[in-house]
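In: Based on what follows, work out the 3D shape:
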Amino acid sequence: MKRLILLAALTLAACNEDEAKAPPPPADLTEQALSYFCQMNIAEHGGPKGQIHLEGHPAPLFFAQVRDLMAYLKSPERDAEITAVYVSDMGAAPSWSEPGISNWIPVGEASFVVGAPVAGGMGAPEIVPFVNPEAATAFVETYGGEVLLLDAIPDDAVLAPVDLSLTLETPS
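Out: Model (predicted):
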């Protein structure tokens, strides 16, 4: 009997440990969400968005551009350990100007279009996420760029200064 109770306690402890390790779910994008770097209202800017959840922080950090989120991820300075990262699935977005409030995907599951001459929410060249690689390829066929996974995104696509002489499109 004691062995059965001990086994049940160990199983329960393992379940609780697994539950504690589960990442927080994505938060819906609200009218009050402010972009982490510029503190501007995200809802007023088109293009894909991102959110990063930090350990011990009740609300995620929101980003008006995925490019900005990537810069944060590549930065060595952080306030706490990252527990989850989500980006907008632009294949499920109603439009570029309305990227959606709940169509979040884990950053590791996304295919990213890098190098397309498209403007993100803050006017800089954008990195465009899609859950479906075929949707990313279709975007490349229309706007250019290349499809990359998260680990293949080069630092200069995220951290390099923005060339203000570039003519960027706003996708429809």
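In: what about the protein, any weak spots by pLDDT?
Out: Of all residues in the chain, those with pLDDT under 70 make up the ranges 1-20.
In: Quick check: closest non-adjacent residue to the residue most central in space within it.
Out: Central residue check for the chain by C-alpha atoms, centre = their mean: the C-alpha nearest the mean position is that of V87, 2.5 Å away. Excluding its sequence neighbours, the residue lying closest to V87 (C-beta to C-beta, 6 or more residues apart in numbering) is P129, at 4.2 Å. Placement of C-beta: from N, CA and C, glycine included.
In: Neighbours of the one you found, how many?
Out: Counted with other C-beta atoms under 10 Å, residues neighbouring P129 total 28.
In: And for the one 5 residues further on?
Out: Using other C-beta under 10 Å, E134 has 11 neighbouring residues.
In: Three-state assignment for it, please.
Out: helix (DSSP: H, G, I helix; E, B strand; the rest coil).
In: ok, N103 - contacts?
Out: Contact partners of N103, counting by C-beta atoms under 8 Å, 6 or more residues apart in numbering, are S88, D89, A92, A93.
In: repeat for A92
Out: A92 sits next to G100, N103, V131 when contact means C-beta under 8 Å, 6+ apart.
In: So the spatially closest residue to the first one that is not a sequence neighbour versus A135, what's the distance?
Out: Nearest residue to G100, sequence neighbours excluded (C-beta to C-beta, 6+ apart): A93, at 4.7 Å. Using C-beta to C-beta, to the nearest Å, we find A93 at a distance of 10 Å from A135.
In: And for V118?
Out: V118 sits 14 Å away from A135, going by C-beta to C-beta.
In: Which members of the contacts of N103 are positioned in strands?
Out: Counting by DSSP state E, the contacts of N103 place S88 in strands.
In: Ranking by neighbours, what's the top pick from the contacts of N103?
Out: The member of the contacts of N103 surrounded by the most neighbours (other C-beta under 10 Å) is S88, with 27 neighbours in all.
In: who's in contact with it?
Out: S88 makes contact with P48, K49, G50, V66, P99, G100, N103, W104, I105, P129 under the criterion C-beta under 8 Å, 6+ apart.
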